[in-house]
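Asks: Got a sequence here, can you model it:
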Amino acid sequence: MAGSELQQDRHDATVLENEAGTRLDAFLAARFPLFSRNRIKDLILEGAVSVDGTTNEVPKYRVKTGESIALAAPEPVDAEPQPQDIALNILFEDEYLIVIDKPAGMVVHPAPGNEDGTLVNALIHHCGDSLRGIGGVKRPGIVHRLDKDTSGVMVAAKTEQAHNGLAAQFADHGRTGPLERAYFAFVWGIPNPLVGTVQTMIGRDPHNRLKQSVMPREGREAITHFRVENRFSDEKWSIAQVKCQLETGRTHQIRVHMAHIGHPLIGDGVYGSAFATKINTVPEPVQHAIKALNRQALHAAILGFAHPVTGQTLKFESPLPPELAELATNLAPYSL
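Replies: Numbers count the residues shown, from 1 in each chain. This next block holds a predicted model:
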């Protein structure tokens, strides 16, 4: 069945009159949306496409009315990251995608220094043969990331069709679609005004390649909307619980932006190092809760999007994890 998500071998189509003159790669991408345009191009160059029985390796070839086009996509190969039996908190799963609540301390992708024990390793094990292949490889389609020490809701695709649909929504950042991303953060000080938008350029810090920073001209546009949800204060200190919503998705965006306006995240040793001594000003129960975090106080609490296949709007919420809930509990007596 042409275009079926369940078929990974041969796909056939006949060029209709209104399709004549279309590029071969564009024709196939339109007929078989489970493959991305880049994947289609790769398959053509690999000799996996024939026109009237003859191999055609020219993506720019203009198809003609009545031509029979065949796409013989190889079965997806196993991914290089090894499957690992790591417990996952699964919020939703179907044949196209999976939504999980990532704990702090888990890296999303294998990388030097974190070759295993990652979310990708866990998903490859959990999903098994339900991974239909992203770019010809049996791997989960990661369309957004959370820092290692940020907890909360994430979605990953199981199929190329789902991956393409989700990637398009994240690229749009919810400007024209239902994508919604909201984070809760605990920051030093109370932002004034209580509701605002931080809009800057963000790029790699020229003095520290491991950091991002606000750039005067270079970098990429980054937009964060924030609202103070709760305020806590005593004579020598103040802390705010802030809801942040992203209009863009730059690396470390919330951490960089909140530090930029003078309110770095609690526990953020990279962007809030100048506030390290602030912990000495808070009451002992709050101090213990902050020390117990061992990470920045940032949690991806809400994720909403349109299902890339059914079109249904889905929304998932994750409560504060125990360590952040403990911080909130110890701050409660000082609420303004």
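Asks: Determine the three-state secondary structure at the residue lying closest to residue 36 once chain neighbours are set aside.
Replies: Of all residues not flanking residue 36 in the chain, residue 164 sits nearest, at 5.2 Å (CB to CB, 6 or more residues apart in numbering). C-beta: built from backbone N, CA, C; applies to glycine. Three-state assignment for residue 164 (DSSP: H, G, I helix; E, B strand; the rest coil): helix.
Asks: cool, the one 10 residues further on as well?
Replies: Assigned with three-state DSSP, residue 174 falls in the coil class.
Asks: Quick check: the residue nearest to residue 36 touching residue 38?
Replies: No. Contact between residue 164 and residue 38 fails when scored by CB atoms under 8 Å: they sit 9.9 Å apart.
Asks: one step back: which residues lie in contact with the residue nearest to residue 36 in this structure?
Replies: Applying CB atoms under 8 Å, 6 or more residues apart in numbering to residue 164 gives the contacts 33, 36, 308.
Asks: next one: residue 271
Replies: Contact criterion CB under 8 Å, 6+ apart gives 211, 252, 255, 256, 258, 259, 264, 265 as the residues in contact with residue 271.
Asks: Repeat that for residue 127.
Replies: Here residue 127 is in contact with 98, 140, 158 (CB under 8 Å, 6+ apart).
Asks: which one of the contacts of residue 164 has the most neighbours?
Replies: Neighbour counts for the contacts of residue 164 peak at residue 308, which has 22 neighbours (criterion: other CB atoms under 10 Å).
Asks: could you point out where the protein is predicted with low confidence?
Replies: For the chain, the stretches with pLDDT under 70 are 1-9, 75-80, 112-113, 133-138.
Asks: For it, identify the residue most remote from the centre.
Replies: When distances to the mean C-alpha position of the chain are computed (CA atoms, centre = their mean), the maximum falls on residue 66, with 41.9 Å.
Asks: these two touch, right, that residue and residue 14?
Replies: Yes. Contact criterion CB under 8 Å: residue 66 and residue 14 qualify, at 6.7 Å.
Asks: Okay, domains of the protein per the record?
Replies: Structural domains assigned to the chain are 10-72, 77-172, 182-301+326-334, following automatic domain parsing.
Asks: got these as CSV, with distance to residue 315 columns?
Replies: Listed next are these as CSV, based on distance: least, CB to CB, whole Å:
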stretch, distance to residue 315
domain 10-72, 25
domain 77-172, 10
domain 182-301+326-334, 10
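Asks: between these, which gets nearest to residue 317?
Replies: Distance to residue 317, taken as CB to CB, is lowest for domain 182-301+326-334 among the domains of the chain, at 6.2 Å.
Asks: who's in contact with whichever strand or helix holds residue 290?
Replies: Element membership for residue 290, per DSSP states H and E: helix 284-293. Helix 284-293 is contacted by residues 239, 266-267, 279-280, 282, 323-324, 326-327, 329-331, 334 when judged by CB under 8 Å, 6+ apart.
Asks: next structured bit after that helix?
Replies: With elements assigned by DSSP H and E, the helix or strand that comes after helix 284-293 is strand 298-306.
Asks: what about that next one, distance to the chain center?
Replies: For strand 298-306, the distance from its own C-alpha centre to the chain's C-alpha centre is 10 Å (CA atoms, centre = their mean, to the nearest Å).
Asks: Who are the packing partners of that strand?
Replies: For strand 298-306, the packing partners by 3 or more CB pairs under 8 Å, 6 or more residues apart in numbering; DSSP states H and E come out as strand 151-157, helix 160-172, strand 180-188, strand 313-317.
Asks: In a markdown table: the ones you listed, plus distance to residue 300.
Replies: A markdown table is the format used below for the helices and strands packed on strand 298-306 (distance: least, CB to CB, whole Å):
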| stretch | distance to residue 300 |
| --- | --- |
| strand 151-157 | 3 |
| helix 160-172 | 13 |
| strand 180-188 | 5 |
| strand 313-317 | 10 |
